[in-house]
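> return atomic coordinates for the entry below.
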Amino acid sequence: MTLKHYSPLFLAILILISCDQKQQKQENSSAEKSEETTKDTIVFKSEPLVKDQYTADPSAHVFEGKIFIYPSHDWDSGKPEMDDGNHFNMKDYYVFSMESPTSEVVNHGKVLDVEDVAWAKRQMWAPDAAEKDGEYFFFFPAKDKDDIFRIGVAKSDKPEGPFTPEKEPIEGSFSIDPAVYKDTDGEYYMYFGGIWGGQLQRWLTGEFEDEDNYPADDEPAVAPKVAKMSDDLLSFAEEPRDIEILDENGGLITTGDNERRFFEAAWVHKYKDKYYFSYSTGDTHNIAYAIGDSPYGPFTYQGVVLEPVLGWTNHHSIVEFDGKWYIFFHDSSLSEGKTFLRSMKMMELEYDEDGKIKTLQSFTEAD
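All right, here's what the predicted structure looks like:
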């Protein structure tokens, strides 16, 4: 049968399909060309710390005189890339250590699997760790049986694990990206939260809602959370509080201020008696920071620690070792741009005489 035997409507549909397929081929070709251009034109300032598997969201700490790194473990689970982040479908955790910032990275193997955690269903995202009285605590987010993110805790007598999880998540916990900071007075605080796939925007009423709820662009942005931990580090000692991030005029950073408002990846460190609250701005891909006088804040925005990296996400930790400061982060250089297959890296961090962090770039454009 020739084309003249088809109805005009069917011919129109055929033409639309053909045009769509042609456009898709052009887009795929452009993407391939863009990837080749990226590989040819970018000069990275550091190499992946681990090259035999994909590691993301590295939380670094100094335990027993070594640097221990607690990342998430990326892998290709076959999930399609979606806005809710379901393709970041991590299922287990590995621990790594370094004798010094220039030494070989040691892989201590798998320390926790989603199948080990009675309450968890999937998506073991960015973790953290802490030490108290010779015991080591591993904090991790995962979706429960109802697909709601909770934060769990597991214990070990060694910083490298393996870790034994508690039977239930931390009571009252929600969202993602736990980061536990030990203050100089011995108190411990958990910072957490992440919007979009991290579900923080669904807890604005204090209860989980099935639909996203974001404030208007001119209203204060969704706030990250902080809670002091109990003495045994297995629960919150108080109701989580909002963290206020302020602009230079003392006003709350607004939803529409994408360059400065919180998205995910909270981290706290202390420098010269000031608390530095750093975080990812998400869809603008900065690691930004703000400074305050209390672990609860408020924190006043100061600037950018790390500019966008190759890959969609930006997630970090900051640690001091032998009098020098380092930022651990990830990018997609090893997977040549695949956003869900990331690799952890590190760079030295510097402050100016006023305590401002000098902005870092993870790569430069080749000449």
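> just the strands in the stretch 151-300 of the chain please.
Counting by DSSP state E, counting those that start in this stretch, residue ranges of the strands within the stretch 151-300 of the chain are 164-165, 179-182, 188-192, 225-228, 241-242, 245-246, 264-271, 274-280, 287-292, 299-306.
> nearest to residue 100, of those?
Shortest separation from residue 100 across the strands of the stretch 151-300 of the chain is recorded for strand 264-271, at 19.2 Å, computed as C-beta to C-beta. C-beta here means a position set from N, CA and C on the backbone, and glycine is covered the same way.
> for the closest one, packing partners?
The elements that strand 264-271 packs onto, with contact taken as 3 or more C-beta pairs under 8 Å, 6 or more residues apart in numbering; DSSP states H and E, are strand 179-182, strand 188-192, strand 274-280, strand 316-321.
> for the stretch 1-150 of the chain, which spans come out with low pLDDT?
Low-confidence segments of the stretch 1-150 of the chain, defined by pLDDT under 70: 1-40.
> could you rerun that using 90?
1-41, 79-86 (pLDDT under 90).
> residue 322 is nearest to which of the strands of the stretch 151-300 of the chain?
Nearest of those (C-beta to C-beta): strand 264-271, 15.5 Å.
> please save the CA atoms from that closest one in PDB.
Provided in PDB are the C-alpha atoms of strand 264-271 (Å, rounded to 0.1, in the frame of the first residue of the first chain):
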ATOM      1  CA  GLU A 264      20.500  19.700  50.800                       C
ATOM      2  CA  ALA A 265      23.900  18.500  52.100                       C
ATOM      3  CA  ALA A 266      24.100  20.400  55.400                       C
ATOM      4  CA  TRP A 267      27.500  20.300  57.200                       C
ATOM      5  CA  VAL A 268      28.900  22.200  60.200                       C
ATOM      6  CA  HIS A 269      32.500  22.800  61.300                       C
ATOM      7  CA  LYS A 270      34.000  25.300  63.700                       C
ATOM      8  CA  TYR A 271      36.800  27.700  62.800                       C
END
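> now that strand: buried residues?
Neighbour-count burial for strand 264-271, with 16 or more other C-beta atoms under 10 Å as criterion, is recorded at 264, 265, 266, 267, 268, 269.
> who does that strand pair with, and is each partner parallel or antiparallel?
When pairs are called by DSSP bridges, strand 264-271 turns out to pair with strand 274-280 (antiparallel).
> residue boundaries of the helices in this protein?
Counting by DSSP state H, the chain forms helices over residues 8-41, given from the N-terminal end onward.
> and residue 66, bridged to which residues?
The bridge-partner assignment for residue 66, based on DSSP bridges, gives residue 63.
> quick check: it touching residue 97?
Yes - the pair residue 66 and residue 97 qualifies as a contact (C-beta atoms under 8 Å) at a distance of 5.1 Å.
> give me the common contacts of those two.
Overlap of the contact sets of residue 66 and residue 97 (by C-beta atoms under 8 Å, 6 or more residues apart in numbering) consists of residue 159.
> tell me how far residue 288 lies from residue 253.
Applying C-beta to C-beta, to the nearest Å, the value for residue 288 to residue 253 is 10 Å.
> show me what contacts the residue nearest to residue 219 when sequence neighbours are not counted?
Spatial nearest neighbour of residue 219, chain neighbours left out: residue 255 (5.8 Å); criterion: C-beta to C-beta, 6 or more residues apart in numbering. Contact analysis of residue 255 by C-beta under 8 Å, 6+ apart lists 214, 215, 216, 217, 218, 219, 220, 221, 222, 261.
> and these, which two are the farthest apart?
Longest distance between any two of those is 14.1 Å, between 218 and 222; criterion C-beta to C-beta.
> neighbour-wise, which of those two wins?
A side-by-side neighbour count of residue 218 and residue 222, using other C-beta atoms under 10 Å, places residue 222 first with 24 against 9.
> ok, that one - contacts?
Applying C-beta under 8 Å, 6+ apart, one finds that residue 222 lies in contact with 193, 195, 200, 201, 204, 214, 215, 255, 262.
> neighbours of the last one, how many?
This means residue 262. That count, for residue 262 with other C-beta under 10 Å as the rule, works out to 24.
> isn't it up against residue 221?
Yes - with the criterion set as C-beta under 8 Å, residue 262 and residue 221 qualify as a contacting pair; they are 6.1 Å apart.
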